[in-house]
Every structure is written in structure tokens, then in C-alpha cells.
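J.: Pasting the sequence and the predicted coordinates here, then a few questions.
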Amino acid sequence: MSAATGAVTDALRELHTRYAGADEGELADYIPELALADPGAFGLALISMDGHRYSAGDAGVPFTVQSVSKPFVYALALSLLGLDEVSRWVNAEPSGEAFNAISLERGTGRPANAMVNAGAIVATALVPDAPGAPRFERILDCLSRFAGRKLDVDEEVYASEAATGDRNRALAHLIRSTGPLPMDPVAAVETYFRQCAVRVTALDLAAMAATLAHGGVNPLTGDRVVPEHVAAQVLAVMATCGMYDASGDWLLRVGLPAKSGVSGGLIAAGPARFGLAAYSPLLDPTGTSVRGRLAIRTLSDRLGLHLMHNPALAGATVTLVTTADELPAVPAGERERARRERVAVAAAQGALDFTAAERVLYALDEAGAGRTGAAVLDLVRVTDLDTVARAMLRGGLARLAADGRRTAVADPDGRLREPGEKTGTVRSFTSRDEAVAWCAATASG
């Protein structure tokens, strides 16, 4: 396994192993088809802003999106109508109540926000319907573009929801009785039921969350799904309202915009960093996946992902990805030896955190893809290395060494060493050229 893939995947696998046995919680039985889910299913997935995919467990198992569809349909409505018009019909304030509560503004009847059922039904109704572009087809296309592949509907779950969805129908009629529902309530709820029955996987949800985190651009396809300002607006509402009556506690403890669904899906977005998703159908009393909540909270703590933490300075992290024989500074006499040994070189700069370290390790993998030999990590222009990045880089280099590749680091300031450590676990040099020369000479010696 490669250095970058290993560092992130190992973290997901460790969390999967740690929480797979957490068997508290209940299946959502008020929709009969959801009660048939495998209670042992558990998958985790993460997708970076560069489109790198990582997963563990049942990340490819299909399930229905349910309420995790809400932020994406809200994004569609915002894209088509704008914030001011959408806000005429649905507010953006935390309700402090359960997902299916009657959360309507006194005097206007506006639902509290688009993450609770009442607001989501209105957001669905706001999507224009036209002969050449039916409302649900627009919604399905939007969800598919967020996921980066064509999605479909689980017709059995849809039928099950339609047969038991009287509370949602009652909400729609109640909203209509106060005025702010721009379509027939029966049609609105039927479209909403189909929207919730769209089939996804944890990897799909990670891509969808990553698209919001990436300013509306899908990092897998490069498709701009929604404008950047819309992605920011949706993330803001997710942060304050996405976890219903547990939203405040979630933001305090986890610190990531998130959205849960009663099928067991859970997404979290790190703006400009990653999209994260979990699937496990055992739910806590707020309707959130028990295992997913535990895993994402632990990952946020471990990797310092809380939005309110001081992040590394933004900017280009990887400044060079190559092999040593292509470097003009390598002496002609050493160049042939470097060519034979295929010394991979990756250089970084600036302050490195989790996101930056993942990029650096991925670049090092790219430089040596499909080759054996040696790898040099150039940290000469790195100004800071947080504890998570240090552990990731050390672990990635150790993995390469365990695979039989010689490793060296250009680290004149000793940033890769742990505090108080006299000599590092990787051979260190003051310059890139010295590290490359040592790798080539060691191979031939």
C-alpha cells in the first residue's frame, strides 16, 4: 500500500475496527424497508480536494440517502432562485427540535430551516418544474452530479416511505394552510419521498460532501455543480442546523458542517480540505448513526479537523514531483546511477497540517509510482510541521522503507524529528542534492 493511501486508510480502518462492535442504537423502523437493513453494516470514506479516495469497511454498500439529500436539494434551489427568494419560503435558523417537528415561524409559517423535514419539503417544492425539465429529474441529476456518477431510486424504499409518510403529508398541508408552500402539498411530498429514496454509497456521500467543501466543484469529475457562494451558504446551514436538536453539541465537539439521515448515512465537510462520510444504520435518539458519529468525532479530534482550530497557512504545498535523474543539479556522473535507481523526489513548502501532509505523501507516491528504488522528501522550505503532519510523514516514510525502498529526507531544521529526539528514524541531510546522492550511492555500494 502506498504512503498516502496507507496513512489515511489506516486511520479509517482503525476507526472501523474500533467502533464496529458498537451495537447500541436502533434501526429506523417507522419506514418498514429501512428496518430490513443489516445492523452490522459499517463503512467510512474520505475524499480530498485533489480527488484522492480513501475508504474502509462497507463504503461501497448501497443504501438510500434519506435526509442527507436535504443540503444538496437546498443547494439546487439556491442555485436556481438565489438566497433572498429561497429565504422568503424557508428560514435558516436552528430549530432546536427533532427532524420531523412542526418547526414553523410564528406569523409567517416559514419552516425553521431546510434541514428539518418541513423546510426540506419546501426546498423540494421550490425546484422549478417544466415539461422539458421535470422537478424530480432536476433533483436526481443534481444529486448525481454531486456524487460524480448517475444515481437511481430504490423503488421498494420509495413505496415503503409513501405508504407510511403521513406525518410528512400532514406537515406539507400544515405549511400550505399558512401560505408558504409554492406547490400542491401532495405533489411536494411525493417528490420528497422519491428524493429520499435515491440510492448512494458512503463513497458517493463523501464525494458529495467533498463537492460542497471544494466550493461546489466535484473533485472527482471537475464539474462545477453549484456556484461557490451557494456551497458556502449550504455549509453554513449544515453547521448550525444539520444535526437537528444535536447541532450545537456536534459543532462544539466535532466542529464540522454535517448532515445525518435515518438510513444511517452521515456526512461531514472540511471546507477546502475533504468530504467525509459514514454509513451504519443503527441510530441514536436524534436519528444519527451511532458508529458514524463516534468515528467522525474521533477522527476530528485525532487529526485536528475542528473548524475553529487554527489551520496551517494556505498555499501550494507540493513544489516539486519528479525523479532525481531529471534534476539539473544532479552531477552528470550521478545522473545515470540515479536513473537506474529511480530515486523519487517530492518537495514541500510552508506550514504542513493533515491536508498538506496527505498531498505531500501522495506526491511522493506519484513520483515513484510503479518503481522500486529510493525516495527523497525535501522539507528545506517547510516552515512548520504540526504533530499530525509529522506523524503522517514519518509513518509514510516508514511504510516505504518497510516495502524495501531506501528513504532520505532533506531536513536541515530537523522538523521531522520528535521533540527531544537526537536523531530521526529516517536518514536526514541538509540539502536535497545530498539526500539524492546518498540514496544513489547506497544503492550502488
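T.: It's in. This structure is a prediction, so every number in the text was calculated from the model and none was measured. Residues are numbered from 1 along each chain as shown.

J.: For the rest of this, base every contact and every neighbour count on C-alpha atoms.
T.: OK.

J.: Just give me the neighbour total for residue 423.
T.: 12 (other CA atoms under 10 Å).

J.: just checking, it touches residue 416?
T.: No. At 9.8 Å, residue 423 and residue 416 do not qualify as touching, with contact defined as CA atoms under 8 Å.

J.: low-scoring stretches of the stretch 251-400 of the chain, by residue?
T.: Within the stretch 251-400 of the chain, the stretches with pLDDT under 70 are 310-316, 320-321, 323-341, 368-372.

J.: Run through the helices of it in chain order.
T.: 290-303, 332-341, 354-367, 387-402 (DSSP state H, counting those that start in this stretch).

J.: and these, which is most packed in?
T.: helix 354-367 (a mean of 24; mean count of other CA atoms under 10 Å).

J.: Taking helix 290-303 as reference, get the angle to that one.
T.: 90 degrees (axes from the mean of the first three to the mean of the last three CA atoms, to 10 degrees).

J.: Remind me what helix 354-367 packs against, helices and strands.
T.: Contact partners of helix 354-367 among helices and strands, from 3 or more CA pairs under 8 Å, 6 or more residues apart in numbering; DSSP states H and E: helix 3-19, strand 318-323, strand 343-352, helix 387-402.

J.: Need the contact partners of stretch 26-44.
T.: When contacts are defined by CA atoms under 8 Å, 6 or more residues apart in numbering, stretch 26-44 is touched by residues 12, 16, 20, 55-61, 156-157, 160-161, 164, 202-203, 262-263, 276-284, 291-292.

J.: swap the cut-off to 7 Å and go again
T.: Here stretch 26-44 makes contact (CA atoms under 7 Å, 6 or more residues apart in numbering) with 12, 20, 55-59, 157, 160-161, 164, 202, 262-263, 277-284.

J.: What of stretch 247-260?
T.: Under CA under 7 Å, 6+ apart, the answer for stretch 247-260 is 67-68, 235, 238-243, 266-270, 288, 297, 300, 306-308.

J.: try 6 Å
T.: Stretch 247-260 is contacted from outside by 68, 235, 238-243, 266-269, 288, 297, 300, 306-307, using CA atoms under 6 Å, 6 or more residues apart in numbering.

J.: What of stretch 426-435?
T.: 378, 408, 409, 410, 411, 412.

J.: between those, which is nearest residue 117?
T.: Using CA to CA, residue 378 comes nearest to residue 117 of the contacts of stretch 426-435, at 51.4 Å.

J.: wait, what's in contact with the closest one?
T.: Counting by CA under 6 Å, 6+ apart, residue 378 has contacts 347, 409, 410, 432.

J.: Break this protein into its domains for me.
T.: Domain assignment for the chain, taken from automatic domain parsing, gives 3-303, 318-444.

J.: I'd like the distance between the residue nearest the centre of the chain and residue 397.
T.: Central residue of the chain (CA atoms, centre = their mean): residue 275, 1.2 Å from the mean position. For residue 275, the distance to residue 397 equals 25 Å [CA to CA, to the nearest Å].

J.: and if you look at residue 350?
T.: 19 Å.

J.: do residue 212 as well
T.: Residue 212 is 32 Å from residue 397, by CA to CA.

J.: likewise residue 160?
T.: For residue 160, the distance to residue 397 - CA to CA - is 51 Å.

J.: average pLDDT across the helix or strand where residue 118 lies?
T.: With secondary structure defined by DSSP states H and E, residue 118 is part of helix 117-126. Averaged over helix 117-126, pLDDT sits at 92.

J.: Repeat that for stretch 61-68.
T.: 98.

J.: what distance separates the start and the end of that stretch?
T.: Where stretch 61-68 starts and where it finishes are 16 Å apart, if you go by CA to CA.

J.: Now find how far off-centre it is within its chain.
T.: 15 Å (CA atoms, centre = their mean, to the nearest Å).

J.: Low-confidence ranges, the stretch 101-250 of the chain, go.
T.: If you take pLDDT under 70 as the line, the stretch 101-250 of the chain has these spans: 101-105, 107, 109, 179-183.

J.: 80 instead, please
T.: Applying pLDDT under 80 to the stretch 101-250 of the chain flags residues 101-110, 176-183.

J.: which residues of it fall in strands?
T.: 152-153, 198-200 (DSSP state E, counting those that start in this stretch).

J.: Select, out of these, the one closest to residue 46.
T.: strand 198-200 (14.8 Å).

J.: what comes up buried for that closest one?
T.: By 16 or more other CA atoms under 10 Å, the buried positions in strand 198-200 come out as 198, 199, 200.

J.: contacting residues for the first one?
T.: It refers to residue 198. Residue 198 makes contact with 64, 65, 152, 153, according to CA under 6 Å, 6+ apart.

J.: Pipe those residues into TSV and attach distance to residue 130 and neighbour count per row.
T.: Shown next, in TSV, are the contacts of residue 198 (distance: CA to CA, whole Å; neighbours: other CA atoms under 10 Å):
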residue	distance to residue 130	neighbour count
64	26	25
65	25	28
152	21	17
153	21	17
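
J.: Taking those, tell me the two that lie furthest apart.
T.: The widest separation within these (CA to CA) is 10.7 Å, between 65 and 152.

J.: can the strands of the stretch 101-250 of the chain go into a markdown table with extra columns for distance to residue 254?
T.: Formatted as a markdown table, the strands of the stretch 101-250 of the chain follow (distance: least, CA to CA, whole Å):
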| stretch | distance to residue 254 |
| --- | --- |
| strand 152-153 | 31 |
| strand 198-200 | 24 |
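
J.: From what I see, residue 282 and residue 24 are in contact.
T.: No. Counting by CA atoms under 6 Å, residue 24 is not a contact partner of residue 282; they are 7.2 Å apart.
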